[in-house]
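# Let me see the structure of the following:
(2 chains)
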Amino acid sequence: MSPKYVGQRISRTEDPRLLTGQALFVDDVNIPGMLHAAFLRSDYAHARLNSIDVSAARSRPGVIAVYTAQDMGDAWQHGPPLVIPPPTIQNMVFHTRTQVPLVKDKVRLIGEPLAVVIAESRYIAEDALEDIIADLQPLEAVGDLERALRPGAPLVHEELGSNLAAHFFQEKGNYKSARQQADLVIQKRILIDRGIAAAMENRGIVAHWDPKSQRLTLWDTTQSPIPIRNGLAGMFGLAEHQVRVIAPFVGGGFGPKIMMFYAEEMVLTWATLQIGRPIKWIEDRRENFYATTQERGQVHDAEMALTSDGRILGVRDSFLHDTGAYDPYGLTIPLNTQCHVLGPYDVPNYYAETTVVFTNRMIATPVRGAGRPQGVFVVERLLDLAARKLDMDRVEIRKRNLLPPDVFPYNNQIIDQAFAPLVLDSGNYLPLLEQAATRIGYQPFIREEQPRLRAEGKHVGIGVVMFIETTGVGPYEGARVTVEASGRISVATGVGTQGQGHFTSFAQIVADQLGVNIRDVELVTGDTAEFHWGTGTFASRGAVVAANAIHAAARAVRGKILRLASKVLEAPEEELELADGQVRVADMPEKSISLGKLAVLANPLRGAVQPGTEPGLEATDYFGPQYGATAAGAHAMILEVDPETMMVEIKRYVAVEDCGTVLNPLILDGQVHGGVALGIGNSYYEKLVFDDNGQLLNASLADYLIAAATEVPRIEVGHGYTLSPLNPLGTKGAGEAGTLPVPALFAQALEDALADHRLEVVEMPLSPNRLFELLQAAQESASGR
Amino acid sequence: MSVHPIAVTINGKAEYLEVPAHMTLLQMLRDRLALTGTKNGCEAGECGACTVLLDGQPVNSCLVLAVEVDGRQVVTVEGLAQDGTLSGLQQAFIEHNAVQCGFCTPGMLISSQALLARNPSPDEDAIKEALLGNLCRCTGYGRIIQAIQDVARGGGAS
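Below you'll find the model as predicted:
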């Protein structure tokens, strides 16, 4: 059977609803009797809560309830650790401290909720917040990662005696002895600062405990509805079947919507259980800057040892990682960073040491990239600076160090975020690098165009970098595929969807297996009443783990169809084909039956059913990969800097990606575009600015700049196709890949554009202002001042 | 809290409402008329997700009071398709995969529609400028721009 849909540029089946305003988002849920919640949040990043008086708020007309931590009684409990630290790493220190629903005694992060008001309207609820008197005694805030670890620093969690959240190291080979053999050692301090995901849809929850049916329904902008359901049931003593979590259309996820639990999820669930009425809370944009998780803050002391011909002998990277006030997400982010420092390169000796630090900032959890962009930035910067010292071409130094295609599967001998050895399942890296360099016209640019433009006084630069992305981690996903009596196919899977086009790409797989039109495949995602086994949409795993589960379930249904049709049509299974919604005998097309009729026959109302058979044409199946599939890519760009304003214009952008089998190139390329756009923000526009008191100074989309239409160039996408041997479809994830290399690429191209200034970029994000400062500093050091 | 009667035409249909003075057009559309296609992304005029046409001009409906639209014409994303047939822009958004999560999409469509109404053949820079008030975090804008160009080449939005 040749695939008709998989691999094709199929336009998305979900789009008409989104384009006509007919798609349900959480804020669109409206239930009779629904109340509204607003949270009182701390204006201090670090403070002792001496007392809180909510009596005036409670007596405001229209207020139904006001709750503090005290009111929650025994239901007040810390959130569960979402990801435990890997049990397989030796000598690890890890202090688990998880978030609280409402502050009981001490505020540990700016915006931490102190109380909630439930009222007839959001207006009344917000007004009532003003009635609450919270006696907060401000404490010195912890922000700077190095100062946080010094003796005498203020402590986020006093009982720990320090702000150390975790410490661990991993080693491959012996870096120390490799360093002794080196002709060149590049040593740098590299800084990467915090940013936000800024999904266009803020978070939101509608929680509804119906006392009559004894059912709790939660509409939630989560990327992981099933763990939320199981967790809430456990936390509040309900049976899992009593709890239904629905993640309807979600307006962008990008990682922070995976969190379990946010304070608001715990508080709204508890509150509706008390009141017995539906309650809505929709995060406002300002809250999104405080109350939704963030990422990227790290300080690296990194070095690379090389031979004089540019071969890597080893890398040492010791870094601090900012986890914020709590660490429910374990070590996922820093483990990703450690793994991605190795990149697509042959690094025989590696020492990685990570110190995780508590600060008075929002919890750090993955944001599209999840620690990987930092690792990519470190290794690519070290290579660029080595190439400069060795007077070697930037593309050439990469070529010399790429892993060759015959080494796969390649074991990098450290543990990755899935607690499994970092084994690169497959890859062919050199063609990706060559394709990117050729497409951007690297050689002609540096030989002819750049000298010509420089002679005209233009500051133009080119960059070419590489990366890998570990994707598609387990444990598993599942799916149920059903042929309905109408002949239409329904598919249910546990992962939620936040714009990745799952309704279409998953339907393509099913349509091919069952020989139906893709428009006849209806997909349900993210509703625990429809499917309740699975984990969620994260870590670039939908197209790997969920897609292969759907593929397996569709194949099982195909088997059932063929078995039954063989009896009905009195023909051997091998002679049957599935096409156009029919099963037919290949040589006798007139001998056929529609899938709908077959589904009716498989579910008879009368008569005997053979023992050992199941009714209907339906199957549920699962897929869990042995370990993650590793995607890879090379990006290239040409940019121009205006030396007067420090504004940067990206002239051309090329992204070459290898994510194995491409289910739908239209959707895949869109994922790459969006990833690159975020990466551009991460490079030159987006940075959370905190003052010494831990106050966030740019908590609005007017002050925190996400890339607009004028900042994102046209992105040319190329592909490699190295199929993963770890799953039947051969897919690798692609959701995060676009973001990973952009800061490293931006840095390289900027240095090239400003080569006459001997600029060295070892921090991200930059901004026009920061670039100006760096150039001033470079000038001063050049003139010996 | 004062309440004001208003008469407004929304997507071609006359509506008579009594609205409190502080109610925004966005709240009126979503909470009173169940036209939830228009999205609330920031309530501060920064993201553009709530863009609607007011007498043919794109406005952030979170920054317009409901009382201000008395006697005027409002078009929302629900009013773009005619009798179940998608507009040229909507069709082009599908063909070019200009939609991912779909949250910014209603505002994008409205701003694009307004652009093509005042400039039927905009160049790329003009399109980018017209979309400056509409943020998108998923698509990187390229496909949205292509979709608009495609419609412009075919003779403007219909």
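
# Which elements pack onto the helix or strand hosting residue A:337?
Per DSSP states H and E, residue A:337 falls inside helix A:332-341. With contacts taken as 3 or more C-beta pairs under 8 Å, 6 or more residues apart in numbering or on different chains; DSSP states H and E, helix A:332-341 sits against strand A:298-306, strand A:312-324, strand A:350-358, helix A:372-390, strand A:410-415, strand A:459-471. All C-beta spots, glycine's among them, are computed from the backbone N, C-alpha and C.

# closest to residue A:191 out of the ones you listed?
strand A:298-306 (5.7 Å; C-beta to C-beta).

# Need the contact partners of that closest one.
The contact list for strand A:298-306, computed with C-beta atoms under 8 Å, 6 or more residues apart in numbering or on different chains, reads A:145-146, A:175, A:178-179, A:181-192, A:312-322, A:334, A:337, A:341, A:349, A:374, A:378-379, A:382-383, A:386, A:390.

# Contact residues of the stretch 401-550 of chain A facing chain B?
Residues of the stretch 401-550 of chain A found near chain B (C-beta under 8 Å from any C-beta of the partner chain) are A:498, A:499, A:500, A:501.

# Which members of those residues are the farthest-apart pair?
By the measure C-beta to C-beta, A:498 and A:501 form the most distant pair in those, at 10.4 Å.

# Compute the number of surrounding residues for the residue of chain B found nearest chain A.
Of all residues in chain B, the one sitting closest to chain A is residue B:37 (1.7 Å; C-beta to the nearest C-beta). Residue B:37: 26 surrounding residues under other C-beta atoms under 10 Å in any protein chain shown.

# okay, now the residue lying closest to it once chain neighbours are set aside: neighbour count?
Leaving aside its chain neighbours, residue B:37 sits nearest to residue A:21 (1.7 Å; criterion: C-beta to C-beta, 6 or more residues apart in numbering or on different chains). Residues contacting residue A:21 under the criterion other C-beta under 10 Å number 23.

# any idea how far residue A:200 is from residue A:21?
Applying C-beta to C-beta, to the nearest Å, the value for residue A:21 to residue A:200 is 15 Å.

# mind checking how far residue A:252 is from residue A:678?
Using C-beta to C-beta, we find residue A:252 at a distance of 10 Å from residue A:678.

# out of the two, which sits in the busier spot?
Shown here are residue A:252 and residue A:678; by other C-beta under 10 Å, residue A:678 has more neighbours (28 against 25).

# Extract the residue ranges of the chain that are flagged as low pLDDT.
If you meant another chain, say so; for now it's chain A. For chain A, the stretches with pLDDT under 70 are A:1-3, A:785.

# switch to chain B, that's the one I care about
Judged against pLDDT under 70, the low-scoring parts of chain B cover residues B:155-158.

# where do the strands sit along it?
For chain B, the strands defined by DSSP state E occupy B:3-10, B:13-20, B:51-54, B:57-60, B:73-75.

# would you list those in CSV and tack on distance to chain A?
Shown next, in CSV, are the strands of chain B (distance: least, C-beta to the nearest C-beta, whole Å):
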stretch, distance to chain A
strand B:3-10, 12
strand B:13-20, 9
strand B:51-54, 11
strand B:57-60, 12
strand B:73-75, 12
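
# Let's have the ones you listed in TSV, adding mean neighbour count.
Below are the strands of chain B laid out as TSV (neighbours: other C-beta atoms under 10 Å in any protein chain shown):
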stretch	mean neighbour count
strand B:3-10	16
strand B:13-20	13
strand B:51-54	25
strand B:57-60	20
strand B:73-75	20
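
# Tabulate those strands (a markdown table), appending distance to residue B:93.
A markdown table is the format used below for the strands of chain B (distance: least, C-beta to C-beta, whole Å):
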| stretch | distance to residue B:93 |
| --- | --- |
| strand B:3-10 | 22 |
| strand B:13-20 | 24 |
| strand B:51-54 | 15 |
| strand B:57-60 | 16 |
| strand B:73-75 | 17 |
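
# Just list what the helix ranked longest in chain B packs against, helices and strands only.
Counting by DSSP state H, the longest helix found in chain B is helix B:105-118. Judged by 3+ C-beta pairs under 8 Å, 6+ apart, helix B:105-118 is in contact with helix A:15-19, strand B:51-54, strand B:57-60, helix B:88-95, helix B:124-130, helix B:142-153.

# buried stuff in it?
B:105, B:106, B:107, B:108, B:109, B:110, B:111, B:112, B:113, B:114, B:115, B:116 (16 or more other C-beta atoms under 10 Å in any protein chain shown).

# The fifth one is in contact with residue A:20, isn't it?
It refers to residue B:109. No: using C-beta atoms under 8 Å, residue B:109 is not in contact with residue A:20, being 9.4 Å away.

# So for those two, which residues contact both of them?
Shared contacts of residue B:109 and residue A:20 (C-beta under 8 Å, 6+ apart): B:77, B:80, B:90.

# The residue nearest to the second one when sequence neighbours are not counted: neighbour count?
In this case it means residue B:80. Nearest residue to residue B:80 in three dimensions, chain neighbours excluded: residue B:87, at 4.8 Å (C-beta to C-beta, 6+ apart). Other residues near residue B:87 come to 19 when the count uses other C-beta under 10 Å.

# Please verify my assumption that residue B:87 contacts residue B:77.
No: Residue B:87 is not in contact with residue B:77 according to C-beta under 8 Å; the separation is 10.2 Å.

# How about residue A:443: what's its closest non-neighbour residue?
If the residues on either side of it in the chain are set aside, residue A:443 comes closest to residue A:437, at 7.4 Å by C-beta to C-beta, 6+ apart.

# can you pull the contacts of the one you found?
So residue A:437 contacts A:395, A:443, A:464, A:634, A:636 (C-beta under 8 Å, 6+ apart).

# Break chain B down into its structural domains.
Split into domains by automatic domain parsing, chain B comes to B:3-78, B:88-153.

# With respect to residue A:723, which of those domains lies nearest?
For residue A:723, the closest of those is domain B:88-153, at 23.8 Å, according to C-beta to C-beta.

# so what's whichever residue of the stretch 1-150 of chain A sits closest to chain B up against?
For the stretch 1-150 of chain A, the residue closest to chain B is residue A:21, as judged by C-beta to the nearest C-beta, at 1.7 Å. Residue A:21 makes contact with B:35, B:36, B:37, B:38, B:76, B:77, B:78, B:106, according to C-beta under 8 Å, 6+ apart.

# ok, now residue B:33?
Neighbours of residue B:33 in contact, by C-beta under 8 Å, 6+ apart: B:10, B:15, B:17.

# Look up the residues forming beta bridges with the residue lying closest to the first one once chain neighbours are set aside.
Yep, that's residue B:10 we're talking about. Nearest residue to residue B:10, sequence neighbours excluded (C-beta to C-beta, 6+ apart): residue B:74, at 4.8 Å. When assigned by DSSP bridges, residue B:74 has beta-bridge partners residue B:10, residue B:54.

# what about residue A:296, how many neighbours?
By other C-beta under 10 Å, 29 other residues sit near residue A:296.

# For it, grab phi and psi.
Main-chain dihedrals, residue A:296, degrees, to the nearest 10: phi 100, psi -20.

# quick one: it from residue A:179, how far?
As defined by C-beta to C-beta, residue A:296 lies at a distance of 29 Å from residue A:179.

# So which of the strands of chain B is nearest residue A:538?
In terms of C-beta to C-beta, the element of those nearest to residue A:538 is strand B:51-54, at 30.8 Å.

# so how far is the closest one off the chain centroid?
From the chain centre to the centre of strand B:51-54 is a distance of 5 Å (C-alpha atoms, centre = their mean, to the nearest Å).

# how about the helix or strand containing the residue nearest to residue A:443: buried residues?
Taking DSSP H and E as the criterion, residue A:437 maps to helix A:429-440. Neighbour-count burial for helix A:429-440, counted by 16+ other C-beta under 10 Å, picks out A:429, A:430, A:431, A:432, A:433, A:435, A:436, A:437, A:439, A:440.

# Out of the residues you listed, which is nearest to residue A:743?
Of all these, the one sitting nearest residue A:743 is residue A:436; the distance, using C-beta to C-beta, is 16.6 Å.

# which one is the closest one nearest to, not counting chain neighbours?
Nearest residue to residue A:436, sequence neighbours excluded (C-beta to C-beta, 6+ apart): residue A:634, at 3.7 Å.
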